[in-house]
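**Q** show me how the following folds:
(one chain, ligands or ions: 4)
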Amino acid sequence: MLPVKKIDLHVHTTASDGTFTPREAVQKAAELGLKAIAVTDHDTVEGHAEAGKAAAALGIELVPGIEISTKYGVAVHILGYYVHGDAPGMRALLDWIVADRDSRNEKMCALMEADGLPVHYAEMKERFGEVIGRPNFGQVLVELGLAESVNDAFARYVDRGQRYYVPRTILPIEQAVDAIVLSGGVPVLAHPFQYRKTDSELRELLTLCMDHGLRGIECRYSGYDAEKVSYLERLAEEYGLLKTGGSDFHGGNKPHIQLGTGINGELDVPCAWLTVLKKAAGISPAAKEKL
Ligand code: AMP
Ligand code: ZN
Ligand code: FE
Ligand code: FE
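**A** Numbering: from 1, shown residues only. Ligands and ions are numbered 1, 2, ... in the order given. So this is what the prediction gives:
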């Protein structure tokens with residue numbers, strides 16, 4: 001019997017802070033025999049067109065997505081599947097987020113320049129494109145020989161509390177969920193165990209987000225063991241939310257995470273979850289043919 005094909009609904013590319021271009025990410029997915037991947041870059045839909053073309057050529061399915069950072073006590077990430085980046089509300093929101101990132105990033109560069117480091121924002125924009133995140137600073141610091149890995153660069157320089165850390169303005173969670181819904185997308189709570197919430201805090205968060213149209217929970221994620229996964233799946237079922245799963249692949253910026261299989265090959269996202277997700281987005285198989 002042929003092995004059941006896998007999917008991965010959480011992938012970053014060079015459109016944000018991954019190291020694989022959208023085309024390379026799709027090529028890698030095809031090499032691994034994945035059936036579908038979602039490109040979910042931070043704050044941008046720039047990678048969709050290139051990834052979509054590569055996916056069509058290679059016979060795999062590309063799910064257009066996004067990941068937006070929000071605040072609910074701590075930083076909480078919301079995934080948006082099948083968002084239309086050019087819907088008026090979404091375009092304005094993404095432009096605002098990118099402008100805020102630019103101003104934060106310029107401040108981080110100024111701190112590095114003041115220490116005599118040759119880290120210049122114009123050059124970073126040229127190299128990394130529209131959406132630049134701290135992992136990109138990490139890459140540069142590694143290249144300058146100041147850190148051994150991106151993870152090490154975070155610990156030494158760019159994590160909260162470190163020398164070159166400057167915060168971004170983070171949106172209230174309701175605003176991100178609203179914007180995804182209004183742009184025709186399906187909002188999903190990303191990696192719920194990252195927020196160190198108790199069961200009752202997580203339930204409060206779900207209730208608030210569902211009031212704004214939250215539709216799903218990312219139940220399978222790199223590093224989540226069977227116990228965590230079954231807790232999240234039960235929660236999704238209890239609240240009538242759909243389930244998604246993905247690796248959060250960032251290429252060399254998170255080298256311990258593999259596309260499709262996560263950490264230690266534990267990740268396994270059922271294809272049936274994508275069928276449910278598409279239904280939630282109002283995409284029938286017939287409509288999909290015409291996309
Ligand atoms: P930013 O949105 O630019 O402030 O950067 C935050 C992003 O950095 C997160 O979304 C993660 O993808 C990434 N990140 C956080 N910690 C690390 C780490 N230790 N190593 C690599 N990437 C990280
Ligand atoms: Zn990232
Ligand atoms: Fe995230
Ligand atoms: Fe992510």
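**Q** can you list the strands that the top strand by length along the chain pairs with?
**A** The longest strand of the chain (DSSP state E) is strand 61-72. Strand 61-72 sits in its sheet next to strand 36-42 (parallel), strand 74-81 (antiparallel), strand 171-172 (parallel), going by DSSP bridges.
**Q** including distance to ligand 2, could the ones you listed go into JSON lines?
**A** Bear in mind the C-beta positions are built from the backbone N, C-alpha and C, glycine included. Formatted as JSON lines, the strands paired with strand 61-72 follow (distance: least, Cβ to the ion, whole Å):
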{"stretch": "strand 36-42", "distance to ligand 2": "5"}
{"stretch": "strand 74-81", "distance to ligand 2": "9"}
{"stretch": "strand 171-172", "distance to ligand 2": "16"}
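**Q** do you know which of the ones you listed lies nearest ligand 1?
**A** Judged by Cβ to the nearest ligand atom, the one of those that comes nearest to ligand 1 is strand 36-42, at 5.9 Å.
**Q** ok, the closest one near ligand 4 or not?
**A** No. Contact of strand 36-42 with ligand 4 (Cβ under 5 Å from the ion) is absent, the minimum separation being 6.2 Å.
**Q** does that strand reach ligand 3?
**A** No. Judged by Cβ under 5 Å from the ion, strand 36-42 stays clear of ligand 3, getting no closer than 7.7 Å.
**Q** what count of nearby residues applies to the residue in the stretch 51-200 of the chain positioned nearest to ligand 3?
**A** Proximity of the stretch 51-200 of the chain to ligand 3 (Cβ to the ion) peaks at H77, 3.7 Å away. By the measure other Cβ atoms under 10 Å, the count of residues near H77 is 22.
**Q** does it really touch G65, like I thought?
**A** No. In this structure H77 lies outside contact range of G65 using Cβ atoms under 8 Å: 11.7 Å.
**Q** in a markdown table: the strands paired with strand 61-72, plus mean pLDDT.
**A** As requested, those are exported to a markdown table (pLDDT from 0 to 100):
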| stretch | mean pLDDT |
| --- | --- |
| strand 36-42 | 98 |
| strand 74-81 | 96 |
| strand 171-172 | 94 |
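**Q** now what about stretch 106-126, what contacts it?
**A** 102, 105, 132, 134, 136-137, 140-141, 144, 146, 158, 163-166 (Cβ atoms under 8 Å, 6 or more residues apart in numbering).
**Q** the same query, at a cut-off of 7 Å, please.
**A** For stretch 106-126, the surrounding residues in contact (Cβ atoms under 7 Å, 6 or more residues apart in numbering) are N105, I132, N136, F137, V140, L144, Y164, V166.
**Q** list the buried residues in it.
**A** In terms of neighbour count (16 or more other Cβ atoms under 10 Å), stretch 106-126 has its buried residues at M108, C109, M112, L117, V119, Y121, M124.
**Q** and if you look at stretch 127-144?
**A** For stretch 127-144, the neighbour count (16+ other Cβ under 10 Å) marks 128, 131-142 as buried.
**Q** any residue of that stretch touching ligand 3?
**A** No. Shown here: stretch 127-144 not in contact with ligand 3 (Cβ under 5 Å from the ion), separated by at least 10.6 Å.
**Q** do a quick rundown of the helices in the stretch 101-250 of the chain.
**A** Secondary structure of the stretch 101-250 of the chain by DSSP state H, counting those that start in this stretch: the helices cover 121-128, 134-143, 150-153, 173-182, 199-211, 226-239.
**Q** average pLDDT for the last one, rounded please.
**A** Helix 226-239 carries an average pLDDT of 98.
**Q** hey, C-alpha coordinates of it in PDB?
**A** This file holds the C-alpha atoms of helix 226-239, laid out as PDB (Å, rounded to 0.1, in the frame of the first residue of the first chain):
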ATOM      1  CA  ALA A 226       0.100  13.000  21.500                       C
ATOM      2  CA  GLU A 227      -1.200  14.400  24.800                       C
ATOM      3  CA  LYS A 228      -1.200  18.000  23.600                       C
ATOM      4  CA  VAL A 229      -2.700  17.100  20.300                       C
ATOM      5  CA  SER A 230      -5.500  15.100  21.800                       C
ATOM      6  CA  TYR A 231      -6.300  17.900  24.300                       C
ATOM      7  CA  LEU A 232      -6.500  20.400  21.400                       C
ATOM      8  CA  GLU A 233      -8.500  18.100  19.200                       C
ATOM      9  CA  ARG A 234     -11.000  17.600  22.000                       C
ATOM     10  CA  LEU A 235     -11.200  21.300  22.500                       C
ATOM     11  CA  ALA A 236     -11.800  21.900  18.800                       C
ATOM     12  CA  GLU A 237     -14.600  19.300  18.800                       C
ATOM     13  CA  GLU A 238     -16.200  20.700  22.000                       C
ATOM     14  CA  TYR A 239     -16.300  24.300  20.500                       C
END
